[in-house]
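*Asks:* Model the following, please.
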Amino acid sequence: MIKRVESDGQKIKILCFSWRGPGHPMAGGAEQVMHEHMKGWVEAGCEVTLFTSHFLSGFRQEIIDGVKIIRRGRQILGVHIAAAWWYIFLRHEKYDLVVDQFHGIPFFTPLYVRVPKLAVVQEVARKVWFKNDLPWLLNYLIGILGYVSEPFIFKLYRSIQFLTGSQSAKDDLVRMGIKGDKITIIHHGVIIEKIKVPKKEKNPTVVFLGALAKDKGIEEAIKAFSMLSKSGVFKFWIIGRGGESYVEKLKKMVRKKGIDGSTKFWGFVSQKKKFELLARAQVMINPSILEGWGLVNIEANAMGMPVVAYQSPGLVDSVSDGKSGILCKTNTVGEMVKEIENLIQDREKYKRLQKGAKEWSNRFSWEQSKKESVKLISGLVRYKKYGT
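*Replies:* As a prediction, the model looks like this:
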């Protein structure tokens with residue numbers, strides 16, 4: 001049960017800025033995490049408004065799980081400009097706290113918001129700036145611009161409290177000049193869809209789950225699938241969505257490597273279907289170069305599926321090496337393939353990791369995470385009002 005919070009006997013009013021929100025076609029783990037925190041604040045008696053980007057089939061305003069959602073502008077820059085204009089020049093409620101969620105580009109709230117602020121960062125982008133899907137040359141120019149400007153952006157936020165999901169993300173924030181005592185780590189919980197657990201696939205099935213984007217390692221995953229296909233009869237499942245042109249490029253890559261007969265693109269699936277597929281497969285791979293946490297690893301673990309992952313920020317936090325999965329000694333496709341082959345062949349090791357994976361996933365609860373989140377926002381509002 002989440003404890004109710006108030007300020008001066010009044011409901012705390014919170015405004016959140018985020019580039020994507022519930023229902024957005026490209027919404028992923030970061031958006032799910034933010035929505036769970038907001039649900040916790042609503043449960044605690046707060047009034048919560050989310051200002052986020054608009055999309056073709058989305059309502060410009062609606063309420064989901066008690067959160068009032070306002071949608072304006074497009075996800076890249078459009079919503080940032082719309083948010084500043086709306087907050088500075090248009091009529092709106094007075095808020096006790098404004099939450100600024102980074103996804104590479106923040107909302108620059110220190111420039112125009114005078115009430116307490118909370119910056120939410122899943123990960124510091126850094127080299128991910130160079131992994132965008134823009135055409136050649138433009139992608140390089142944007143990469144340089146983002147990479148060079150990011151440290152200066154963080155200087156603007158040095159006096160603001162941060163919320164993040166892992167020690168890796170905290171360490172990166174400290175390297176960006178944010179003081180450690182300004183950063184609160186709250187681990188993400190996991191929401192499991194109850195399903196009738198199906199039997200495992202007859203042939204070893206390897207899964208990639210996540211957004212189909214370069215920085216998530218999908219191209220590395222396909223290379224691993226290709227190498228694995230030479231050592232046995234495997235099935236490969238790719239679960240997740242991406243831009244239409246990029247997905248077509250990935251399918252061409254699969255055909256070129258001759259594994260189209262054993263590879264299936266599932267696209268976006270429902271929560272129930274996702275957990276069914278995870279329960280049926282044997283191993284999940286995660287060759288992402290950077291994560292704030294790696295929620296998909298915990299979801300796979302909850303279905304008794306070990307994860308073989310790169311030693312990347314975030315993944316070293318969400319994968320318990322030797323218990324819930326395996327962290328590759330080197331971040332190479334060859335090393336990942338070797339670990340998968342060893343795991344599939346060593347039945348005792350596989351069963352041990354299956355058990356460890358379930359035990360590890362049980363450590364992460366949204367009920368606990370939301371309680372910690374409510375305590376954080378309550379403290380920020382009261383500190384500003386009373387100076388305590």
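*Asks:* When you work out contacts or count neighbours from here on, use the C-alpha atoms and nothing else.
*Replies:* Noted.
*Asks:* For Phe130, which residues are in contact?
*Replies:* Residues near Phe130 by C-alpha atoms under 8 Å, 6 or more residues apart in numbering: Asn139, Tyr140, Ile142, Gly143, Ile144.
*Asks:* brain fart, Pro198
*Replies:* Glu276, Ala279, Arg280.
*Asks:* pretty sure it belongs to a strand, no?
*Replies:* No. Pro198 is assigned coil when assessed by DSSP: H, G, I helix; E, B strand; the rest coil, not a strand.
*Asks:* quick revisit: would JSON lines of the contacts of Pro198 with pLDDT and secondary structure be doable?
*Replies:* JSON lines is the format used below for these (pLDDT from 0 to 100; DSSP: H, G, I helix; E, B strand; the rest coil):
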{"residue": "Glu276", "pLDDT": "96", "secondary structure": "helix"}
{"residue": "Ala279", "pLDDT": "96", "secondary structure": "helix"}
{"residue": "Arg280", "pLDDT": "96", "secondary structure": "helix"}
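*Asks:* just these now: which is nearest Lys358?
*Replies:* Comparing those against Lys358 with C-alpha to C-alpha places Ala279 closest, at 11.7 Å.
*Asks:* ok, the nearest residue to the closest one once chain neighbours are set aside to Ser53 distance?
*Replies:* For Ala279, ignoring the flanking residues on the chain, the nearest one in space by C-alpha to C-alpha, 6 or more residues apart in numbering is Met303 at 5.1 Å. Applying C-alpha to C-alpha, to the nearest Å, the value for Met303 to Ser53 is 33 Å.
*Asks:* mind checking which helix or strand Ile70 is in?
*Replies:* Per DSSP states H and E, Ile70 falls inside strand 67-71.
*Asks:* For that strand, name the packing helices and strands.
*Replies:* The helices and strands touching strand 67-71, judged by 3 or more C-alpha pairs under 8 Å, 6 or more residues apart in numbering; DSSP states H and E, are helix 29-43, strand 47-52, strand 61-64.
*Asks:* for the record, mean pLDDT for stretch 235-250?
*Replies:* Mean pLDDT, stretch 235-250: 94.
*Asks:* Show me the contact partners of that stretch.
*Replies:* 26, 133, 203-213, 219, 225, 262-269, 274.
*Asks:* what's Phe208 in contact with, if anything?
*Replies:* Listed by C-alpha under 8 Å, 6+ apart, the contact partners of Phe208 are Ile218, Ala221, Trp237, Ile238, Ile239, Met284, Ile285, Asn286.
*Asks:* between the strand holding Ile70 and strand 47-52, how many degrees?
*Replies:* Angle, strand 67-71 to strand 47-52, by axes from the mean of the first three to the mean of the last three C-alpha atoms, to 10 degrees: 20 degrees.
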